[in-house]
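J.: sequence and predicted structure, then a few things I'm wondering about:
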Amino acid sequence: MTATAPGKIILVGEHAVVYGRPAIAAPVWQCVATATIRAAAPGAGCTLHAHDTGQQLRLDEGSVEEPLLLVARLALAQLGLDRPDWQIDLHSDIPMASGLGSGAALSTALVRAIFRQAGREIDPATLSALVYESERFYHGTPSGIDNTVVAYGQPIWFVKDAAFQPVHPGCALTLVIADSGVRSPTKETVGDVRTAWLQAPARDEAIFDALGETVVQARLAMERGDLPGLGTLLDANQGLLEELAVSSVLLRRLIDVARAAGALGAKLSGGGRGGNVIALVEPAAVDPVCAALRAAGAARVLVTRIE
Ligand code: PMV
């Protein structure tokens, strides 16, 4: 039994989304996590092999602080299954700790496969709620955007603790995603933003408000198919993220390179300080922007479409 789940990008609104402002996220199907479950010998118990990290875990042994074990146990408990004899293999081509939601995707694929192996299809709301529990270990205080976009697999308008709304672009968006090759420590950046907010709440609330406003405007631009307008809003979003001190010299360089090569706008995506940048491009600019980002040292370049 096999199940997959996509990576994700945050188009606009990361960090401020933790403080109740809206954000827009979209799945990235060009990189996926896959979980495969096979029956094991009777009495063998349940083992989980995460091939990309080399982790070999036993469901009846490991720590509850291990997110994959936690989410697998929660899924089995929902199904009323106790210690099935299964071998679970996890693979992912989503770069880890890069703001592309690899943790949420692995957990999503795992839970989906567990339900399928038990002869059930899980609904996305239950799936998202289960994966949220594992996100708490990766992130500390997650807004819930990653588990929602990955579990539903569609572009979303997301506000913490509210029902998400699907977003429908007026025309397809083409995005180049470039990996800086530097880890993005989401828990750390989210923690640093919180420390700064506690020290200067009025200043940071104003930045969150401005970020929220770029998200409102970005949705309108997206829905009317105004690509240049959306590009300008990505740039504005990046400027505000820099004010929150979650960008880096390297990210900024990749963003400038993408813009100079013809992107309509570009920004970091996710927790920041490392990880990926996204650049909005017209289809004709895909090749030059990808080439410029590779020449500037991007570790990996992907192209995705949001429609
Ligand atoms: O998982 P990442 O690195 O894409 O970060 C998620 C986005 C944040 O807004 C920074 C955190 C959150 O929980 O929303």
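T.: Now that the structure is in, tell me what you want to look at.
J.: residues in contact with Gln238?
T.: Taking CB atoms under 8 Å, 6 or more residues apart in numbering, we find Gln238 in contact with Ser247, Ile255, Ala266, Lys267, Leu268. All C-beta spots, glycine's among them, are computed from the backbone N, C-alpha and C.
J.: and if you look at Gly101?
T.: By CB under 8 Å, 6+ apart, the neighbours of Gly101 are Pro6, Gly7, Lys8, Ile94, Asp146, Val149, Val150, Gly270.
J.: got the buried residues for the least confident helix or strand in the chain by mean pLDDT?
T.: Sorting the helices and strands of the chain by mean pLDDT, DSSP states H and E puts strand 55-58 at the bottom, at a mean of 88. For strand 55-58, a neighbour-count test (16 or more other CB atoms under 10 Å) marks Leu57 as buried.
J.: any buried residues in the next helix or strand after it, and which?
T.: Note on strand 55-58: by DSSP states H and E, the next helix or strand toward the C-terminus is helix 67-79. Neighbour counts over helix 67-79 (16+ other CB under 10 Å) mark Pro67, Leu68, Leu69, Leu70, Val71, Ala72, Arg73, Leu74, Ala75, Leu76, Gln78, Leu79 as buried.
J.: what sits up against helix 67-79?
T.: Against helix 67-79 from outside (CB under 8 Å, 6+ apart): 46, 48, 50, 55, 57, 59, 62-64, 82, 84, 88, 90, 103, 106-107, 110-111, 114-115, 118, 120, 122, 126, 130-131, 133-135, 137-138.
J.: tally of neighbours for the closest residue to the ligand within the stretch 201-307 of the chain?
T.: Closest to the ligand within the stretch 201-307 of the chain is Gly270: 2.8 Å, counting by CB to the nearest ligand atom. A count of nearby residues for Gly270, using other CB atoms under 10 Å, gives 27.
J.: my guess is it contacts Ile10, does it?
T.: Yes. Assessed by CB atoms under 8 Å, Gly270 is found in contact with Ile10 at 5.8 Å.
J.: need the overlap of contacts for the two.
T.: Joint contacts of Gly270 and Ile10 (CB under 8 Å, 6+ apart) are Gly99.
J.: contacts only, for the nearest residue to Pro228 once chain neighbours are set aside.
T.: Distance criterion CB to CB, 6 or more residues apart in numbering; nearest residue to Pro228, sequence neighbours excluded, is Leu264 at 5.7 Å. The contact partners of Leu264, by CB under 8 Å, 6+ apart, come to Leu227, Pro228, Leu230, Gly231, Thr232, Leu234, Ala279, Leu280, Val281, Glu282, Ala285.
J.: let's see it at 10 Å
T.: 173-174, 227-235, 258, 279-282, 285, 289 (CB atoms under 10 Å, 6 or more residues apart in numbering).
J.: same question, Tyr152
T.: Tyr152 touches Ala25, Pro27, Thr108, Pro124, Ala125, Leu127, Ser128, Phe164, Pro166, counting by CB under 10 Å, 6+ apart.
J.: cool, and Asp256?
T.: Ala263, Ala266, Ala292, Ala296.
J.: for it, what are phi and psi?
T.: Dihedral pair for Asp256: phi -60, psi -40, per degrees, to the nearest 10.
J.: tell me where the stretch 151-300 of the chain has helices.
T.: 186-199, 201-223, 227-243, 249-260, 286-295 (DSSP state H, counting those that start in this stretch).
J.: which of the residues in the helix or strand following the shortest one are buried?
T.: Counting by DSSP H and E, the next helix or strand C-terminal to helix 286-295 is strand 300-306. Taking 16+ other CB under 10 Å as the basis for neighbour counts, the residues of strand 300-306 that come out buried are Arg300, Val301, Leu302, Val303, Thr304, Ile306.
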